[in-house]
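Novice: got a predicted structure here, sequence first:
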Amino acid sequence: MWGIIATWSMSLDSLNTAGRELIFDSTASDAVVTAVKQVEDFPFYKSVGYGGLPNEEKEVELDAAYMDGDNLSIGAVGGIKDFANPVMIARELSRKKVNNFLVGSGAEKFASAHEFQRKNMLTKKAKKLYEQKIKENAKKLTPYAGHDTVGMVCLDKTGSMATATSTSGLFMKKAGRIGDSPIPGSGFYVDSQIGGATATGLGEDIMKGCLSFEIVRLMKEGKSPQESCNQAVFQLNEQLKKLRTEAGDISVVAMDKDGHWGCATNIKDFSFVVATAENPTPTVYIANSHNMETEIKVASKQWLTNYFAERGGVN
Ligand code: SD4
């Protein structure tokens, strides 16, 4: 068995690549990092890597993480600027015994010392959107519809699991703001003996529930990935609404050690992608919630046509 699950339809192409690699015996670690890197490199996506939208000071600050489910090694970077592939830097950090999570200039020094590729990550398109936003004087922090953090959980044929995330965080965030995506247990978690989970949405709220760890904990208790995602997301959603009158956007995907998967969301039409040994062609699914249950359907041909038509306009 092998499998990979990823947040948002933007992961579709990279799951094609990852799926092929997994068929040919790639490790979960290599497959997940290659797949996330591919999303980072694609300029159309406004919320990950190259093309990511800037903070309120017009700087693209990126967060990324990597976790190895075999030994629980974690590496993460927060608020890193001017490097092409934060996910690769995160994996390199996971190989160290200490200093696994570096932010800002410390992360950049590490990346330089290890000769990771430098790149100005602010595209013309991102700059234009920033200038528009400044004109509108609209600074409300919201996750953007449709294209947010890329998070993936991967299982390879040998039973190893790995997870990785990458994001530019929220458009117009304060300089130095870090979301859930690089925070272990919140944006991601994986244990090859159990399974893994990763989240996307409003980091400030996802962190309140340590959501990814909670899902893995529920799977350890014997719940299926789908039951675990439902319980973790809907309980947190209800609790936030009760205690704070509202809950931000929250979506998660999970896979267990046998390649079974699940998803839950409190937003409309959350898209995610799955490829497994049984269904090796990556499939885009759309999730919605109804009475604390998640309804999942395969994205229609029309939905995919619209997605590809919109995505065509690179830069
Ligand atoms: C963050 N969770 O920085 C990320 C952003 C995101 O949907 O996933 N938006 O809070």
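Specialist: Alright, I've got the coordinates.
Novice: make it CA atoms for all contacts and neighbour counts henceforth
Specialist: Will do.
Novice: relative to Leu129, how far out is the residue lying farthest from the centre of the chain?
Specialist: Here the chain has its C-alpha centre computed as a mean, and the residue farthest from that point, by CA atoms, centre = their mean, is Lys135 with 30.0 Å. The span separating Lys135 from Leu129 equals 10 Å under the rule CA to CA, to the nearest Å.
Novice: please write out the alpha-carbon positions of stretch 14-26 in PDB.
Specialist: As requested, the backbone C-alpha atoms of stretch 14-26 are provided in PDB (Å, rounded to 0.1, in the frame of the first residue of the first chain):
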ATOM      1  CA  SER A  14       2.400  17.400  -7.800                       C
ATOM      2  CA  LEU A  15       0.400  14.400  -6.600                       C
ATOM      3  CA  ASN A  16       0.800  13.000 -10.100                       C
ATOM      4  CA  THR A  17       4.500  13.300  -9.700                       C
ATOM      5  CA  ALA A  18       4.500  11.900  -6.200                       C
ATOM      6  CA  GLY A  19       2.200   9.000  -7.200                       C
ATOM      7  CA  ARG A  20       4.600   8.000  -9.900                       C
ATOM      8  CA  GLU A  21       7.500   8.200  -7.500                       C
ATOM      9  CA  LEU A  22       5.700   6.100  -4.900                       C
ATOM     10  CA  ILE A  23       4.900   3.400  -7.500                       C
ATOM     11  CA  PHE A  24       8.600   3.300  -8.200                       C
ATOM     12  CA  ASP A  25       9.600   2.900  -4.600                       C
ATOM     13  CA  SER A  26      10.300   6.500  -3.600                       C
END
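Novice: buried residues in that stretch?
Specialist: Residues Ser14, Leu15, Asn16, Thr17, Ala18, Gly19, Arg20, Glu21, Leu22, Ile23, Ser26 are the ones in stretch 14-26 that count as buried (16 or more other CA atoms under 10 Å).
Novice: now the helices for the stretch 1-150 of the chain?
Specialist: For the stretch 1-150 of the chain, helices defined by DSSP state H, counting those that start in this stretch occupy the ranges 12-23, 28-41, 86-94, 104-113, 124-136.
Novice: could I get the ones you listed as CSV with distance to the ligand and mean pLDDT?
Specialist: Supplementary listing: these in CSV, determined by distance: least, CA to the nearest ligand atom, whole Å; pLDDT from 0 to 100:
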stretch, distance to the ligand, mean pLDDT
helix 12-23, 17, 92
helix 28-41, 14, 96
helix 86-94, 14, 98
helix 104-113, 15, 98
helix 124-136, 16, 87
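Novice: which one of the buried residues of stretch 14-26 is nearest Tyr45?
Specialist: When the buried residues of stretch 14-26 are compared for distance to Tyr45 (CA to CA), Ser14 wins out at 13.0 Å.
Novice: what's the nearest residue to that closest one if we skip its chain neighbours?
Specialist: Leaving out its chain neighbours, the residue that sits closest to Ser14 by CA to CA, 6 or more residues apart in numbering is Ala35, at 4.7 Å.
Novice: right, I'll call it a day here.
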